[in-house]
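Enquirer: Fold the following, please.
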Amino acid sequence: MSDRHNRLNAIRLVLASVVILGHAWPLTGADGPSLVFLSDVAVNGFFVLSGYLIAESRVRTTLVPYLWRRFLRIYPAFLVSLLLVAAVFAPLAAALEGTSLDVASAAGFVLSNADLRMSQWGIDGTLTAVPAPDSWNGSLWTLFYEALAYVLIGLVLSVAVAARHARWVLPGMFLAVLVLRPLVEGPLEVTTGIYLSGARLVGYFLAGAAVWAWAGRWRPTWVHVVGAGVVYAVLTDQGWADLYGQLPLAVLLLGLGASPSRNWTTRTDLSYGVYIYAYPVQQLLVLLGTASWGVAVNSLLVVLLTLPLALLSWTLVEKPALRAKAWLDPRDRPDRRVPSDGAEGPHAAAVTGRRPD
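Expert: Numbering: from 1, shown residues only. Below you'll find the predicted structure:
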């Protein structure tokens, strides 16, 4: 069976839906027990899967084509999402609220955030009547750290000795971050957000990369998957999962992702589109009064309305953008095409379970 025929795309779609559920409490202003932490767990899971697959992508391509592929996968759809919020979502919100849209602020939303690091969250004259009025897309902040992780793994595996000994180098980097992060959040008293978020997300990314580094000799079985799930549940119960749950989460998700599958998700990746459009859809639904319908109904409506947008994003933006890979990578020219590396995105296409050729 082809390496692409697995459940990883389906897992990413589930993770994107979990992010929606986690965001439902702050966006709707719901009372009672909150599952906001689920959005953090899902984001951590995305970085685990990326680490595994992006490491393999890097060793299959030279540095410049590798970086070009990564750019094509995340940036065009990201930029289009900014434009759609400024030109469609925000004016619609202003019309619903009966307010006046600040055009300069809408333009600033696109221009200020175009470097992938979110610095302007809201658009003046919109979202004045929602529980979370200052943000049009609170999910996009992770993409900056995704890009940093791409560059990090790209540069590290450009060093010949590191590439030859990746089986030790990548786990060593993961262990270094595992040890450093509690120090950063504890005795070192680091308060700068970029360092705290970077230590967290890069740690999960490196956990996935560490599993990849040993894929030629070890692959998670169902016993490992169940054991990892139990360990992660215990860590969660004790409040330690975010600091020390990287490896159990990696084994759990990658083991599940390797399961054979031939469903439609192996050919169409909607997870990125769901991730970048769910938040503004959720804000509009709150403006329409769905907050009073409850968290479950709101989340279900967001999923149902975001899936068509994700399909359009994949069909009209993401997939066409990837055709430009051939500009810098001769392997993707029609006359020299070879099998894909299976890692065409931040939530890439397949778990191979083996070291690349």
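Enquirer: and the nearest residue to L287 once chain neighbours are set aside, how far is that from A291?
Expert: Closest residue in space to L287, ignoring its immediate chain neighbours: L96 at 5.0 Å, by CB to CB, 6 or more residues apart in numbering. Where C-beta positions appear, they are placed from N, C-alpha and C, glycine not excepted. Noted for L96: a distance of 14 Å to A291, by CB to CB, to the nearest Å.
Enquirer: Pick out whichever of these two has more residues nearby.
Expert: More crowded of L96 and A291, by other CB atoms under 10 Å: A291, with 20 against 14.
Enquirer: and the spatially most central residue of the chain, what element?
Expert: The centroid of the chain falls nearest to F46 when counting by CA atoms, centre = their mean (4.6 Å). Assigning secondary structure by DSSP states H and E places F46 in helix 37-60.
Enquirer: just how off-centre is that helix within its chain?
Expert: Between the centre of helix 37-60 and the centre of its chain there are 7 Å (CA atoms, centre = their mean, to the nearest Å).
Enquirer: could I get it in PDB with only the CA atoms?
Expert: Extracted C-alpha coordinates of helix 37-60, given in PDB (Å, rounded to 0.1, in the frame of the first residue of the first chain):
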ATOM      1  CA  PHE A  37      -7.100  23.700  26.800                       C
ATOM      2  CA  LEU A  38      -8.100  21.400  23.900                       C
ATOM      3  CA  SER A  39      -7.100  24.000  21.300                       C
ATOM      4  CA  ASP A  40      -3.600  24.000  22.800                       C
ATOM      5  CA  VAL A  41      -3.400  20.200  22.700                       C
ATOM      6  CA  ALA A  42      -4.600  20.200  19.000                       C
ATOM      7  CA  VAL A  43      -2.000  22.800  18.100                       C
ATOM      8  CA  ASN A  44       0.700  20.700  19.800                       C
ATOM      9  CA  GLY A  45      -0.500  17.700  17.800                       C
ATOM     10  CA  PHE A  46      -0.100  19.700  14.500                       C
ATOM     11  CA  PHE A  47       3.500  20.500  15.400                       C
ATOM     12  CA  VAL A  48       4.200  16.900  16.200                       C
ATOM     13  CA  LEU A  49       3.000  15.700  12.800                       C
ATOM     14  CA  SER A  50       4.800  18.500  11.000                       C
ATOM     15  CA  GLY A  51       8.100  17.600  12.800                       C
ATOM     16  CA  TYR A  52       7.900  14.100  11.500                       C
ATOM     17  CA  LEU A  53       7.100  14.900   7.900                       C
ATOM     18  CA  ILE A  54       9.000  18.000   7.400                       C
ATOM     19  CA  ALA A  55      12.200  16.300   8.600                       C
ATOM     20  CA  GLU A  56      11.700  13.700   5.900                       C
ATOM     21  CA  SER A  57      10.900  16.400   3.400                       C
ATOM     22  CA  ARG A  58      14.200  18.200   4.200                       C
ATOM     23  CA  VAL A  59      16.400  15.100   3.500                       C
ATOM     24  CA  ARG A  60      14.600  14.500   0.200                       C
END
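Enquirer: quick one on the thing from earlier: look up which helix or strand the residue nearest to L287 falls in, please.
Expert: Here L96 sits within helix 90-97, counting by DSSP H and E.
Enquirer: buried ones in that helix?
Expert: For helix 90-97, burial by neighbour count (16 or more other CB atoms under 10 Å) applies to 90-91, 93-94, 97.
Enquirer: and if you look at stretch 166-180?
Expert: By neighbour count with 16+ other CB under 10 Å, stretch 166-180 contains the buried residues 166-167, 169-171, 173-174, 177-178.
Enquirer: list the contacts for the residue of the chain positioned farthest from its centre?
Expert: In the chain, the residue that sits farthest from the middle, by CA atoms, centre = their mean, is G98; the gap is 34.5 Å. Listed by CB atoms under 8 Å, 6 or more residues apart in numbering, the contact set of G98 is empty.
Enquirer: let's go with 10 Å and repeat that
Expert: G98 makes contacts with 128-129, as judged by CB atoms under 10 Å, 6 or more residues apart in numbering.
Enquirer: how much space between it and N44?
Expert: From G98 over to N44 (counting by CB to CB), the distance is 40 Å.
Enquirer: and what of L328?
Expert: As judged by CB to CB, L328 and N44 stand 31 Å apart.
Enquirer: cool, and L288?
Expert: Distance of L288 to N44, given as CB to CB: 31 Å.
Enquirer: Also L8?
Expert: Using CB to CB, L8 is found at 16 Å from N44.
Enquirer: who has more neighbours, the two?
Expert: L8 (29 against 24).
Enquirer: Excluding chain neighbours, what is closest to that one?
Expert: G257 (3.8 Å).
Enquirer: Could you report the neighbour count for the one you found?
Expert: By other CB under 10 Å, the residues close to G257 number 24.
Enquirer: How much space separates it from V43?
Expert: Separation of G257 from V43 (CB to CB): 17 Å.
Enquirer: which residues in the stretch 201-350 of the chain form helices?
Expert: Assigned by DSSP state H, counting those that start in this stretch, the helices in the stretch 201-350 of the chain fall at 222-237, 241-244, 246-257, 271-287, 295-313, 319-322.
Enquirer: Please produce CSV containing these, extended by mean pLDDT and distance to S81.
Expert: As requested, those are exported to CSV (pLDDT from 0 to 100; distance: least, CB to CB, whole Å):
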stretch, mean pLDDT, distance to S81
helix 222-237, 95, 31
helix 241-244, 93, 27
helix 246-257, 93, 25
helix 271-287, 96, 4
helix 295-313, 95, 8
helix 319-322, 94, 13
